[in-house]
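Enquirer: Below is the sequence, then the predicted model.
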Amino acid sequence: MPRETLDTKLSQIKDEIYLLGSMVEQSVLDSVDTLRTRDMKEAKRVYDEDNIINEKRYALENAIIILLATQQPFARDLRLLSAMLLVVNELERMADYAKGIAKINFKIGDSNIAIPVRDFQKMAEQGVSMLHRGLSAFIEQNPNQAAAIPQEDTIVDDLYNKIYRATIEQAIANPEIIDQANNILWIAHNLERFADRVTNICERTIFITTGELMEMGSSDDENGIEFE
């Protein structure tokens, strides 16, 4: 395959990954919004549309594998394609978290447990912001932008800890809501893991550029990571 043709196909896959990311972003925002509205019809829509995301993920994987099998890419192209495989998998797992939140919405039902909707919305919005910028860094292969994003994970972690403490206090004061308290904690867990997976995408962006796999975390800013 001529270089120009390969570049065109890579560009097409990047566009589709960005589209998949947009679908995932909307899915998690919608799943959290159903906690506010208690709209079970909307929650079921979010739950069902996970199948569309799964199908898109498999189509992308197939396109990437075909390029790997037929083009025998070297160096940066090989790193890019292998990173693409991981990113589409990460996006699919992120969508599973949104699906899980929609499912938990049904379990909560008409329970009188206090749902920390505002904090959930903050977690979701922060995670989606990180994902949006993380995918942009991936598509543009911008390692410096990718290195900065995981530092923001502490914002999500702090919200998770806040929700955890408040929910445990509720359960201690009213043992009858323990099962529902567990559902609240699972929602917080899903949103916290959503943000964690953005870090995985950022790590792969750096891998494409440098060929090095490094584990990143919120303390990486102390190391002054910069790339040429």
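Expert: Cool, got the structure. Numbering: from 1, shown residues only.

Enquirer: Low-confidence stretches in this structure?
Expert: Low-confidence segments of the chain, defined by pLDDT under 70: 1-4, 217-228.

Enquirer: can you pull the contacts of L60?
Expert: 13, 16-17, 20, 84, 88 (CB atoms under 8 Å, 6 or more residues apart in numbering). Using the backbone N, CA and C atoms, a C-beta is placed for each residue, glycine as well.

Enquirer: Please identify which helix or strand holds it.
Expert: Using DSSP states H and E, L60 sits in helix 40-71.

Enquirer: chain center to that helix, what's the gap?
Expert: Here helix 40-71 is found 14 Å from its chain centre; the criterion is CA atoms, centre = their mean, to the nearest Å.

Enquirer: in that helix, what's buried?
Expert: Across helix 40-71, burial judged by 16 or more other CB atoms under 10 Å covers 42-43, 46-47, 49-50, 53, 56-57, 60, 63-64, 67-68, 71.

Enquirer: try stretch 120-138
Expert: Buried, per 16+ other CB under 10 Å, within stretch 120-138: 120-124, 126-138.

Enquirer: got it, and stretch 194-213?
Expert: So, applying 16+ other CB under 10 Å, buried residues of stretch 194-213: 194-209.

Enquirer: for stretch 20-27, same thing?
Expert: 20-21, 23-25, 27.

Enquirer: the helices in this protein, which residues?
Expert: 3-37, 40-71, 75-108, 117-140, 143-148, 153-173, 178-210 (DSSP state H).

Enquirer: tell me which strands and helices the fourth one is in contact with?
Expert: When you say that, I think you mean helix 117-140. Secondary-structure packing of helix 117-140 (3 or more CB pairs under 8 Å, 6 or more residues apart in numbering; DSSP states H and E): helix 3-37, helix 75-108, helix 143-148, helix 153-173, helix 178-210.

Enquirer: want to throw these into CSV with distance to M216?
Expert: As requested, these are exported to CSV (distance: least, CB to CB, whole Å):
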stretch, distance to M216
helix 3-37, 19
helix 75-108, 14
helix 143-148, 7
helix 153-173, 9
helix 178-210, 5
